[in-house]
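>>> Here you go, sequence then predicted model.
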Amino acid sequence: MGIFSRTRDIVAANFADLLEKAEDPAKMIRMIILEMEETLVEVRASAARTIADQKEMRRHISKLEQLQDSWTEKAELALSKDREDLAKAALVEKQKAADMAEQLKIEIKVLDDALRASEEDIAKLQKKLTEARTKQSNVQTRLESANNRYRLREMYAGPKTHEAFSRFDVLERRVDDAEGRAEALGLGAPKSLEEEIAELRQSDKVDAELAALKARLKKEG
């Protein structure tokens, strides 16, 4: 069973409500679009049949008008031969053809009204279909965004991430142990020339800062 029963239902549809109530919004919007496309095809097919019917009726009217001209000529011929009875019979046939043509013109007018209604329906369906496709794009974007957020959360908060960081902690501890052993080996060893010069530079910086502090206190006192 379709979501909509007729064109009017589609035109009046509130997609936001339909999607909000749906368990699977993405599936729902696909079904809506599919049904709307099928309805649009049916309405266009109906309009095409109406146009074809009108063309056929107009051809028939043209033939009936030719037939009326033919009966007029026959009536004139009968009168010219003093056959008023035949002329009258010909005019009766002409009137029959005229009546049939007039009835077809009335039917064409009815079909014109139906065709205009179909055109309006097609325009409304097209607009609604565009709206539905926009909704589909929005739903798809939101779905992808939600999936991406889930994957990111899984990435930084999931068990695999915790396991990886636990391994990093173990590796960092091993590095600390290795550095500790290296530094322990250097304890008590004679300092290198670079180390002694670095200490001298550090001592000069401390002495300069101490002197500046004494001078400021003396000035304030």
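Cool, got the structure. Predicted, not measured: the structure shown is a model, and the values here were computed from it.
>>> For the longest helix along the chain, name the packing helices and strands.
Taking DSSP state H as the criterion, the chain has its longest helix at helix 84-157. Counting by 3 or more C-beta pairs under 8 Å, 6 or more residues apart in numbering; DSSP states H and E, the packing neighbours recorded for helix 84-157 are helix 7-12, helix 15-21, helix 25-80, helix 159-186. (C-beta placed from N, C-alpha, C; glycine too.)
>>> Break the protein down into its domains, please.
What automatic domain parsing lists as the domains of the chain is 7-157, 160-189, 193-221.
>>> Mind checking the pLDDT average for the first one?
Domain 7-157 carries an average pLDDT of 85.
>>> ok, now the second one?
The average pLDDT within domain 160-189 is 66.
>>> now do the last one
Averaging pLDDT along domain 193-221 yields 78.
>>> Identify each buried residue in it, please.
Under the neighbour-count criterion of 16 or more other C-beta atoms under 10 Å, domain 193-221 has nothing buried.
>>> any idea how far the residue nearest to residue 90 when sequence neighbours are not counted is from residue 202?
Spatial nearest neighbour of residue 90, chain neighbours left out: residue 75 (3.9 Å); criterion: C-beta to C-beta, 6 or more residues apart in numbering. Taking C-beta to C-beta, to the nearest Å as the measure, residue 75 falls 133 Å from residue 202.
>>> In CSV: the helices and strands packed on helix 84-157, plus distance to residue 118 and mean neighbour count.
Formatted as CSV, the helices and strands packed on helix 84-157 follow (distance: least, C-beta to C-beta, whole Å; neighbours: other C-beta atoms under 10 Å):
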stretch, distance to residue 118, mean neighbour count
helix 7-12, 9, 15
helix 15-21, 23, 13
helix 25-80, 4, 15
helix 159-186, 59, 10
